[in-house]
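Peer 1: Here is a sequence together with a model predicted from it:
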There are 2 protein chains.
Amino acid sequence: MQLNPSERERPMAVTISDVAHAAGVSKGAVSYALNGQPGVSQDTRDRILKVAKDLGWKPSLRAKGLSSAKAYALGLVVARDPSLLGTDPFFPAFIAGIETALAEHDYTLVLSVATAPGAEERCYRKLVENGRVDGVILTDVRHNDSRIGLLNELKVPAVTLNRPDANSPFPAVSVDESAGIVAAVEHLVALGHTRIAHVGGGQEYIHGRSRRKAWADALAAAGLASDLFAAADFTAAGGVAATAELLRRTDRPTAIVYANDLMATAGQSYAQSLGLSVPGDLSITGYDNAEFTQYLNPPLTTLATDPMLWGRVAAQVLLNQLAGTHGGGDTALPAPRLVVRASTGPAPGHPTAA
Amino acid sequence: MQLNPSERERPMAVTISDVAHAAGVSKGAVSYALNGQPGVSQDTRDRILKVAKDLGWKPSLRAKGLSSAKAYALGLVVARDPSLLGTDPFFPAFIAGIETALAEHDYTLVLSVATAPGAEERCYRKLVENGRVDGVILTDVRHNDSRIGLLNELKVPAVTLNRPDANSPFPAVSVDESAGIVAAVEHLVALGHTRIAHVGGGQEYIHGRSRRKAWADALAAAGLASDLFAAADFTAAGGVAATAELLRRTDRPTAIVYANDLMATAGQSYAQSLGLSVPGDLSITGYDNAEFTQYLNPPLTTLATDPMLWGRVAAQVLLNQLAGTHGGGDTALPAPRLVVRASTGPAPGHPTAA
DNA sequence: CATCTCAACTGAACCGGTTTAGTAGTACAC
DNA sequence: GTGTACTACTAAACCGGTTCAGTTGAGATG
């Protein structure tokens, strides 16, 4: 066999047998001592602990995993078109949140990216069947999400972000997205807008649907019709197309509530390219509060969520579930906060307008 | 012990012993058959393969890992302030690239996010000492990067993005960032600019340094002085501060080359808030070609790289290293491509100006 | 015909932990 | 003084693979 860089001999790690031998006890005693289990006297326990420390013993996760049938890892499958992956500010922060919870429990995160459509289910199946993970976090839940059934079949603990509409046995960690959209619509209504459109995200996603429904409900509550809907898919290109569709109408909206920042950004840019003034002719709101939105021209009114908190809580709920200490209920997180910037203003012709 | 959701009995997986028993051979024979090793006749091999398939046997990675002392996983530690994590379009695409390479080899990615400064080294140490990973990918390489020494001490195979200035035994996968910056400067010089500033990224990073050096070199090549430098840190706030500093000067620049898109975006917004016209009074270039930059007002001239390719190649090089088939040299990737948009234009007073 | 060789296979050791069953020794009750 | 109960420990099995050291039987060789 050929020598290569990966074969520089790694100093063979000290094992539990080494510790046992050095301390003059059996492997079992060492195991008990280090896991705080009864079965060893305090004196012996202290001695074993000291020897283990002196020798620099680190229990092998591999061996531990084999005998306990655990992976000490959680899985996250991100299904996105690779070209869109960089556009969403949600995931990096969400993942950071997961990590903060995991770090305290010696768990790690195994991340898979499924780019092809069918690849997603294969990813979950592989992660679980290979025993890579002890539980998974489900994001971007879809209408009648087939993954719920899959994970159920795989008998793997899971948490979902928001409660699926399919019957799901898994605890959910939810953000009341409706409240955010409602706040945005109310803000626009207060500014005198009556023709408030919505550029929706993919309606196969429950967050796409719930944002649309919240928009319609808020309009209804204000006594307004919710006919100005244009379907899109959370992408910039989709946002432009939907905006174009809305602005071609004779009863064109004076305000558009977008389902995310990227579409809002692209829509705003498109409207401006048509010679429309934002917010003079058209008010615009986004969703996510991506960092760059405050540097747009004009800066974007949007909804701020806390993806990091979401990640942390989701991971925590899953860990509790694994430990058997989870109550079983869903967890509600604070609703998004409306961040008012210069992309929204009084409706054209409205008294409060300059 | 209390029953909980995680203890719904998972159908005990079929093991190699089950297969051996069903096929009427020993465990060893099954192992040989399934790994394509010699020691079993073709007939027996076929029979074993069939039985294994019928029983739906999946080798346990845990057991495999224990006996072969491998983790079948690569590690990536991302060290970012959590608030900045969502702003960088690089990582998601980079990670997607890594995954495309790993998916073909039944490896997975273990991701750690180190938010606190010192946490980064602890993350690497933990990943390696716990045997979570067989190799790691090193991004955001710093000047005299201490992680090189750490990984050397841990005796873990690694790849670095770009060649560190510290003496590194690890293969690097490099993008000639200088060429990109040079292209941007040349573009501005061709437009008649003579006072071209640079808002630098953190100079503790080698990519921060190399972009600055490339800017200075390109100016020198054009016979121009490179005194208009303002230090920043790749953040929006830093970009604004640096831009403010530059624009306060009496010999204010007519063009600014930013080390990334976020700073350029924030800088452009700040300059506009001062009443400056972009590109009439000030031309601006970014770096990264983040999706949103084409929807800025004006759209941003920037440098497009291919983070996904970078991730794929880096992972591939690391896998080859693990397999012992890596040549040992560095790998060069295509230089960034200049994407000219409306944020750059003729220098004020220059003949080509309107 | 005895021997040598090799392919094909088996049994057992091994990786590094956890866990179970069993044993020695001490204390206490009756 | 014997039985009981408990503590403190050990030896060995076990998790599910890989791999090494034999063993067997068939065909080739002298």
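Peer 2: Ah, there it is.
Peer 1: Phi, psi for A:G56 please.
Peer 2: When quoted as degrees, to the nearest 10, the phi and psi of A:G56 stand at phi 70, psi 40.
Peer 1: For it, which non-adjacent residue is spatially closest?
Peer 2: A:V14 (6.3 Å; CB to CB, 6 or more residues apart in numbering or on different chains). Placement of C-beta: from N, CA and C, glycine included.
Peer 1: just checking, that neighbour touches A:W57?
Peer 2: Yes - here A:V14 reaches A:W57: they are 4.9 Å apart, a contact under CB atoms under 8 Å.
Peer 1: Which strand or helix spans A:I98?
Peer 2: Element membership for A:I98, per DSSP states H and E: helix A:90-103.
Peer 1: by contact count, what packs against that helix?
Peer 2: Other helices and strands packing on helix A:90-103, by 3 or more CB pairs under 8 Å, 6 or more residues apart in numbering or on different chains; DSSP states H and E, are strand A:73-79, strand A:108-114, helix A:307-323, helix B:82-85, helix B:90-103, strand B:108-114.
Peer 1: The same query, at a cut-off of 6 Å, please.
Peer 2: When contacts are defined as 3 or more CB pairs under 6 Å, 6 or more residues apart in numbering or on different chains; DSSP states H and E, helix A:90-103 sits against helix A:307-323, helix B:82-85.
Peer 1: Show me the beta-bridge partners of A:A230.
Peer 2: A:V199 (DSSP bridges).
Peer 1: before we move on, the earlier item: can I get the helix holding A:I98 in PDB? Just the C-alpha atoms.
Peer 2: The C-alpha coordinates for helix A:90-103 follow below in PDB (Å, rounded to 0.1, in the frame of the first residue of the first chain):
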ATOM      1  CA  PHE A  90     -32.400  32.200   6.500                       C
ATOM      2  CA  PHE A  91     -30.300  29.100   6.400                       C
ATOM      3  CA  PRO A  92     -26.900  30.300   7.600                       C
ATOM      4  CA  ALA A  93     -28.400  31.900  10.700                       C
ATOM      5  CA  PHE A  94     -30.800  29.000  11.300                       C
ATOM      6  CA  ILE A  95     -27.900  26.600  11.200                       C
ATOM      7  CA  ALA A  96     -25.900  28.800  13.500                       C
ATOM      8  CA  GLY A  97     -28.800  28.600  15.900                       C
ATOM      9  CA  ILE A  98     -28.900  24.800  15.700                       C
ATOM     10  CA  GLU A  99     -25.200  24.700  16.500                       C
ATOM     11  CA  THR A 100     -25.600  26.700  19.600                       C
ATOM     12  CA  ALA A 101     -28.000  24.100  21.000                       C
ATOM     13  CA  LEU A 102     -25.900  21.100  19.800                       C
ATOM     14  CA  ALA A 103     -22.600  22.400  21.100                       C
END
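Peer 1: interface residues of the stretch 1-150 of chain A facing DNA strand D?
Peer 2: A:24-29, A:32, A:38-41, A:43-45, A:63, A:66-67, A:69 (CB under 7 Å from any atom of the strand).
Peer 1: Which of the residues you listed are buried? Put it as a PyMOL command.
Peer 2: Here is the PyMOL selection string for the buried members of those, based on 16 or more other CB atoms under 10 Å in any protein chain shown:
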select buried, chain A and resi 25+29+32+40+44+45+66
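Peer 1: Can you narrow the residues of the stretch 1-150 of chain A next to DNA strand D down to the ones near chain B?
Peer 2: Among those, the residues within reach of chain B (CB under 6 Å from any CB of the partner chain) are A:A63, A:L66.
Peer 1: so of the residues of the stretch 1-150 of chain A next to DNA strand D, which ones are in helices?
Peer 2: Of those, the ones assigned to helices by DSSP state H are A:K27, A:G28, A:A29, A:Y32, A:D43, A:T44, A:R45, A:A63, A:L66, A:S67.
Peer 1: Nearest to B:V19 among these?
Peer 2: Taking CB to CB as the measure, B:V19 lies nearest A:L66 of these, at 18.2 Å.
Peer 1: What pLDDT does the model give that closest one?
Peer 2: Looking at A:L66, its pLDDT reads 94.
Peer 1: And for A:P279?
Peer 2: 97.
Peer 1: thought it was touching A:P346?
Peer 2: No - applying CB atoms under 6 Å as the test, A:P279 and A:P346 come out as separate, 7.9 Å apart.
Peer 1: These two: which has the busier surroundings?
Peer 2: A:P279 (25 against 19; other CB atoms under 10 Å in any protein chain shown).
Peer 1: Show me what the helix or strand in which A:E120 is found packs onto, helices and strands only.
Peer 2: In this assignment (DSSP H and E), A:E120 forms part of helix A:119-129. When contacts are defined as 3+ CB pairs under 6 Å, 6+ apart, helix A:119-129 packs onto strand A:73-79, strand A:108-114.
Peer 1: Now do the first one: everything it contacts.
Peer 2: Around strand A:73-79, the neighbours that count as contacts under CB atoms under 6 Å, 6 or more residues apart in numbering or on different chains are A:107-114, A:120, A:123-124, A:127, A:133, A:135-137, A:318.
Peer 1: Same question for stretch A:42-58.
Peer 2: Residues contacting stretch A:42-58 (CB under 6 Å, 6+ apart): A:V14, A:V19, A:A22, A:A23, A:V30, A:A33, B:E129.
Peer 1: ok, the ones in helices among the residues of the stretch 1-150 of chain A next to DNA strand D vs A:D145, which is closest?
Peer 2: Using CB to CB, those come closest to A:D145 at A:L66, 32.8 Å.
Peer 1: spatially speaking, which residue is in the middle of chain A?
Peer 2: By CA atoms, centre = their mean, the mean C-alpha position of chain A lies nearest to A:F94, the distance being 4.9 Å.
Peer 1: Please look at that one and A:L309 and confirm they touch.
Peer 2: No - with contacts counted by CB under 6 Å, A:F94 stays clear of A:L309, the gap being 9.4 Å.
Peer 1: Alright, that wraps it up for me.
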